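Q: One predicted model, sequence on top.
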Amino acid sequence: MSIAYAIERQLAISAVRRACLLTSSVFNKLVKNETLVKGDKSPVTVADYSAQAVISSMLHRAYPNDPIVGEEDASDLRAESGASLRNRIVELANEALTAELGIGDDADWGIGPGSEQNADEVLDAIDRGRYEGGRTGRMWTIDPIDGTKGFLRGEQYAVCLALIVDAQVQLGVLGCPNLPIDWLKPDGEKGCLFVAVRGQGAQQIKLSGAESTRLTMPPYTPSTFNFLESVEAAHSSHSTISGISAIMGLTEPPIRMDSQAKYGCLARGDGGAYVRMPTGAGYKEKIWDHATGSLLVTESGGIITDSRGLPLDFGLGRTLGENYGIIATVKDAHGKLLSAVQQVVAKEEEPLKSRA
Ligand SMILES: Nc1ncnc2c1ncn2[C@@H]1O[C@H](COP(=O)(O)OS(=O)(=O)O)[C@@H](OP(=O)(O)O)[C@H]1O
Ligand SMILES: [Mg+2]
Ligand SMILES: [Mg+2]
Ligand SMILES: [Mg+2]
């Protein structure tokens with residue numbers, strides 16, 4: 001009997017690994033004019049674009065009919081003003097696609113020496129990420145660099161890829177080049193891949209090779225329980241998390257970290273919970289920011305819901321729609337955490353209600 005999604009899993013690991021090598025090497029060479037500011041004021045670098053091109057090209061060669069929901073699109077690069085960025089992105093994507101890695105599971109996906117693409121092919125690969133998403137069928141979602149601000153600071157970021165089938169995440173791979181393999185050895189080897197397949201568990205694999213460990217969240221222990229939270233206070237409310245911590249009687253300070261690396265750290269027990277609470281009305285979470293992480297949570301013994309206790313809905317398009325906030329933790333802590341979150345939210349809403 002064949003194992004479900006075995007080929008997709010191998011392909012996803014291979015694509016994320018190549019994209020990670022690209023992003024790590026770009027970081028060391030990144031120059032100021034290689035970053036753009038998008039319409040929503042967020043940064044995007046040559047590494048984001050070229051990593052999306054690499055992953056999208058590899059997916060397309062293996063599964064030409066699978067649609068892709070990717071964070072980036074190539075419109076700014078097609079303009080005449082984008083020429084120098086475009087050339088750099090084509091060069092970087094080709095370097096990553098043609099590199100010989102020599103790692104066991106990097107099978108032949110039609111890439112390697114001689115598989116260069118021209119500029120149009122690279123831009124088209126980026127633009128294949130424009131799919132609108134939806135409730136039925138297979139689709140991949142790519143966040144080529146999650147935590148671009150963390151990447152630019154030389155801190156945590158993640159290359160994220162997930163396969164969604166009929167609105168359920170079936171496979172997820174997260175590459176975290178700057179994350180220590182062992183949280184307790186911050187100066188030790190860095191570079192982790194986190195991999196989950198629905199019903200098959202979650203693993204951490206070294207970015208440098210094949211060595212893998214199975215991930216299981218530790219049980220809820222109030223004396224050591226801590227939160228993983230965003231670095232950017234504009235992305236997730238820090239004060240809400242300190243309120244939740246007080247209600248639960250916790251004493252450990254939160255760990256602040258950019259990107260879905262938080263989900264990897266949750267799955268392996270470096271932190272007890274990942275809570276993300278909106279800071280302003282109107283922002284809708286994107287599916288590529290949570291698809292891989294949500295499967296890592298459930299496959300390592302956790303539960304993930306929004307702040308009302310509802311499951312995350314990956315079938316509504318490019319965003320999570322009306323899902324409000326993210327609450328992810330080990331099974332035996334989820335009920336307590338959700339109740340604390342709801343108490344804090346009710347308290348935060350009191351002054352607004354009395355003013356109305
Ligand atoms: N206003 C607002 N609210 C919530 N989330 C937002 C907001 N603006 C952006 N984003 C998304 O945050 C993604 C980075 O999330 P992080 O958890 O890494 O945040 S943080 O940078 O650690 O603070 C970031 O992902 P990347 O763009 O891939 O870096 C965005 O998709
Ligand atoms: Mg971005
Ligand atoms: Mg992101
Ligand atoms: Mg991104």
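A: Happy to help now that I have it. Ligands and ions are numbered 1, 2, ... in the order given.
Q: Do you know the pLDDT at whatever residue of the stretch 201-350 of the chain ends up closest to ligand 3?
A: For the stretch 201-350 of the chain, the residue closest to ligand 3 is residue 289, as judged by Cβ to the ion, at 4.3 Å. (C-beta placed from N, C-alpha, C; glycine too.) pLDDT recorded at residue 289 is 98.
Q: That one: neighbour count?
A: Using other Cβ atoms under 10 Å, residue 289 has 23 neighbouring residues.
Q: need the contact list for it.
A: If you count contacts by Cβ atoms under 8 Å, 6 or more residues apart in numbering, residue 289 has them with 143, 146, 160, 260.
Q: now do 10 Å
A: Residue 289 is in contact with 71, 141, 143, 146-147, 158, 160, 235, 259-260, 263, 276, 319-320, 326, counting by Cβ atoms under 10 Å, 6 or more residues apart in numbering.
Q: Would you check how far apart it and residue 276 are?
A: According to Cβ to Cβ, to the nearest Å, residue 289 stands 9 Å off from residue 276.
Q: picking that back up, distance check, the residue of the stretch 201-350 of the chain closest to ligand 3 against residue 243.
A: In this structure, residue 289 and residue 243 are 23 Å apart, going by Cβ to Cβ.
Q: At the contact with ligand 1, which residues of this structure appear?
A: Residues of the chain lying near ligand 1 by Cβ under 6 Å from any ligand atom: 42, 71, 143, 146-150, 230-232, 234-235, 258-259, 283, 286, 289.
Q: Put the alpha carbons of stretch 329-347 into PDB.
A: C-alpha atoms of stretch 329-347 as PDB (Å, rounded to 0.1, in the frame of the first residue of the first chain):
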ATOM      1  CA  THR A 329      -1.600  24.900  22.100                       C
ATOM      2  CA  VAL A 330      -1.400  21.400  23.400                       C
ATOM      3  CA  LYS A 331      -4.800  19.600  23.700                       C
ATOM      4  CA  ASP A 332      -5.100  19.700  27.500                       C
ATOM      5  CA  ALA A 333      -4.400  23.500  27.700                       C
ATOM      6  CA  HIS A 334      -6.700  24.600  24.800                       C
ATOM      7  CA  GLY A 335     -10.000  24.900  26.900                       C
ATOM      8  CA  LYS A 336      -8.300  26.900  29.700                       C
ATOM      9  CA  LEU A 337      -6.500  29.100  27.200                       C
ATOM     10  CA  LEU A 338      -9.600  29.800  25.200                       C
ATOM     11  CA  SER A 339     -11.500  30.800  28.300                       C
ATOM     12  CA  ALA A 340      -8.700  33.200  29.400                       C
ATOM     13  CA  VAL A 341      -8.600  34.700  25.900                       C
ATOM     14  CA  GLN A 342     -12.300  35.300  25.900                       C
ATOM     15  CA  GLN A 343     -12.200  36.900  29.400                       C
ATOM     16  CA  VAL A 344      -9.500  39.300  28.200                       C
ATOM     17  CA  VAL A 345     -11.300  40.100  25.000                       C
ATOM     18  CA  ALA A 346     -14.600  40.800  26.900                       C
ATOM     19  CA  LYS A 347     -12.600  43.200  29.300                       C
END
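Q: what about it, average pLDDT?
A: The average pLDDT within stretch 329-347 is 96.
Q: go on, stretch 193-204?
A: On average, stretch 193-204 scores 98.
Q: got it, and stretch 125-142?
A: Here the average pLDDT along stretch 125-142 is 98.
Q: Distance from that stretch to the middle of the chain?
A: 15 Å (Cα atoms, centre = their mean, to the nearest Å).
Q: which of the residues in it are buried?
A: For stretch 125-142, burial by neighbour count (16 or more other Cβ atoms under 10 Å) applies to 125-129, 131, 133-134, 139-142.
Q: would you list those in JSON lines and tack on distance to ligand 3 and secondary structure?
A: Shown next, in JSON lines, are those (distance: Cβ to the ion, whole Å; DSSP: H, G, I helix; E, B strand; the rest coil):
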{"residue": "125", "distance to ligand 3": "19", "secondary structure": "helix"}
{"residue": "126", "distance to ligand 3": "16", "secondary structure": "helix"}
{"residue": "127", "distance to ligand 3": "18", "secondary structure": "helix"}
{"residue": "128", "distance to ligand 3": "18", "secondary structure": "coil"}
{"residue": "129", "distance to ligand 3": "13", "secondary structure": "coil"}
{"residue": "131", "distance to ligand 3": "17", "secondary structure": "coil"}
{"residue": "133", "distance to ligand 3": "15", "secondary structure": "coil"}
{"residue": "134", "distance to ligand 3": "20", "secondary structure": "coil"}
{"residue": "139", "distance to ligand 3": "17", "secondary structure": "strand"}
{"residue": "140", "distance to ligand 3": "15", "secondary structure": "strand"}
{"residue": "141", "distance to ligand 3": "11", "secondary structure": "strand"}
{"residue": "142", "distance to ligand 3": "10", "secondary structure": "strand"}
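Q: helices or strands next to the longest strand seen in the chain in the packing?
A: Ranked by residue count under DSSP state E, the longest strand found in the chain is strand 168-180. Strand 168-180 is packed against helix 6-29, strand 138-146, helix 148-153, strand 158-165, strand 190-197, strand 201-206, helix 261-267, helix 291-299, with contacts defined by 3 or more Cβ pairs under 10 Å, 6 or more residues apart in numbering; DSSP states H and E.
Q: Alright, that wraps it up for me.
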